[in-house]
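Asks: from the sequence below, what's the structure:
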Amino acid sequence: MIKRILELIIILLGVSILSFVLSNISTVDPAEAYARRSIVNPSEEKIAEIRNEMGYNKPLFLQYFKWLGNCIKGDLGVSLITQNPVMKDISKKLIATLTIVGIAFIWIIVITIPLSIISATRKNGLVDYIVRGISIFGISLPSFWLGFILLVLFAINMPIFKVVDFGNFRSIILPSITLAIPIISSSVRVLRGTIISNLNKDYVLYARARGITMKQIVWKHVLKNSIPPIITLFFQNIGFMIGGSAIVESVFSWPGLGMYLVNAIIGRDLPAINGCVLVIAIIFVICNLIAEIINGILNPNMKNSKEVENYG
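Replies: Purely as a prediction, here's the structure:
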């Protein structure tokens, strides 16, 4: 566990360096962008003065170490757009993002497990072909296109759900479904394949010889042995959903972390960009660590994540 935590710390350092370097090599000067938002027709001298005050005239490695030292203290800087501490902004926006991710996660669990079992137990049947076809279609759909289609169908043509109404439960349904569908599609394929593999094991044949019904075998034995690889996938997808929520939040005007990051990138808000990337990376590695811990509890024979991946 200690070795794994050290590896995660190294990953976070790598992500922070990459994010900091990439956000600083843009041709758009953040000091100039800030000056043009704050002052009408700022002079070059004024822009240079702002650049000096913000410390953007210093070497990049000095800027990074200063930022990293502040991050360790819990200070991600001040947003150049909102003028609020980045940590304060992120904490507010993260709640909104976690709301739709949480609802999407419920959709994933509720739909993935029954569909996978039905498809696996009816292998090469009509239902199996339908589920597999829908899964391929769901994986292939771009999130922004799917979001627009759902928006047009169920919020404009048939106004069943609401949008641009943060805080209303009806406004959560469409963005959460948009986030969930691609992950449900990929998860169904993975879990279906694992269940089929377990159905061919000797313990299933032995259980059937003892007179245990197929339903009991699937739900009590096969599903338990098939869950570990899908748990890893589920927790990885939490990180993916948080990191990839920007497109969905933009489509549905959801005031979450993804939308905040997009606005920060457009406005060259470097403290907000680096803070968002760091927080998303932390969430992602924590989700992976939790997945490994749960897999270790469910199946002690799986000693590391590579075995889990091979098993899947």
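Asks: from here on, contacts and neighbour counts on C-alpha atoms
Replies: Noted.
Asks: what helix or strand is Ile273 on?
Replies: Under DSSP states H and E, the secondary-structure element containing Ile273 is helix 270-298.
Asks: I'd like the average pLDDT over that helix.
Replies: When pLDDT is averaged along helix 270-298, the result is 82.
Asks: and what of stretch 2-18?
Replies: pLDDT averaged over stretch 2-18 gives 84.
Asks: one more: stretch 94-112?
Replies: Throughout stretch 94-112, pLDDT has a mean value of 90.
Asks: ok, and what's touching that stretch?
Replies: Stretch 94-112 is contacted by residues 172-173, 175-177, 179-181, 183-185, 187-188, 238, 241-242, 245, 254-258 when judged by C-alpha atoms under 8 Å, 6 or more residues apart in numbering.
Asks: how about stretch 54-62?
Replies: Everything outside stretch 54-62 that qualifies as a contact, by C-alpha under 8 Å, 6+ apart, is Val21, Asn24, Ala31, Arg51, Gln63.
Asks: buried by neighbour count, from those residues: which ones?
Replies: Taking 16 or more other C-alpha atoms under 10 Å as the criterion, what is buried in these is Asn24, Ala31, Arg51.
Asks: just the CA coordinates for whichever strand or helix holds the second one, please, in PDB.
Replies: Using DSSP H and E, Ala31 falls within helix 30-38. In PDB, the C-alpha atoms belonging to helix 30-38 read as follows (Å, rounded to 0.1, in the frame of the first residue of the first chain):
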ATOM      1  CA  PRO A  30      -2.400  35.600 -19.300                       C
ATOM      2  CA  ALA A  31      -1.300  39.000 -18.100                       C
ATOM      3  CA  GLU A  32      -2.500  40.600 -21.400                       C
ATOM      4  CA  ALA A  33      -5.800  38.600 -21.200                       C
ATOM      5  CA  TYR A  34      -6.400  39.800 -17.600                       C
ATOM      6  CA  ALA A  35      -5.500  43.400 -18.500                       C
ATOM      7  CA  ARG A  36      -7.900  43.500 -21.400                       C
ATOM      8  CA  ARG A  37     -10.700  42.200 -19.200                       C
ATOM      9  CA  SER A  38     -10.000  44.800 -16.500                       C
END
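Asks: beyond it, next helix or strand please.
Replies: Using DSSP H and E, the helix or strand that follows helix 30-38 in sequence is helix 44-54.
Asks: chain center to that following helix: distance?
Replies: Distance of helix 44-54 from the chain centroid (C-alpha atoms, centre = their mean, to the nearest Å) equals 37 Å.
Asks: now stretch 135-149
Replies: Going by C-alpha atoms, centre = their mean, the spacing between the C-alpha centre of stretch 135-149 and its chain's C-alpha centre is 16 Å.
Asks: quick check: buried residues in that stretch?
Replies: Ser135, Gly138, Ile139, Ser143, Phe144, Leu146, Gly147, Phe148.
Asks: restricted to helices, list these.
Replies: For those, membership in helices holds for Ser135, Gly138, Ile139, Ser143, Phe144, Leu146, Gly147, Phe148, with DSSP state H as the criterion.
Asks: great, nothing more from me.
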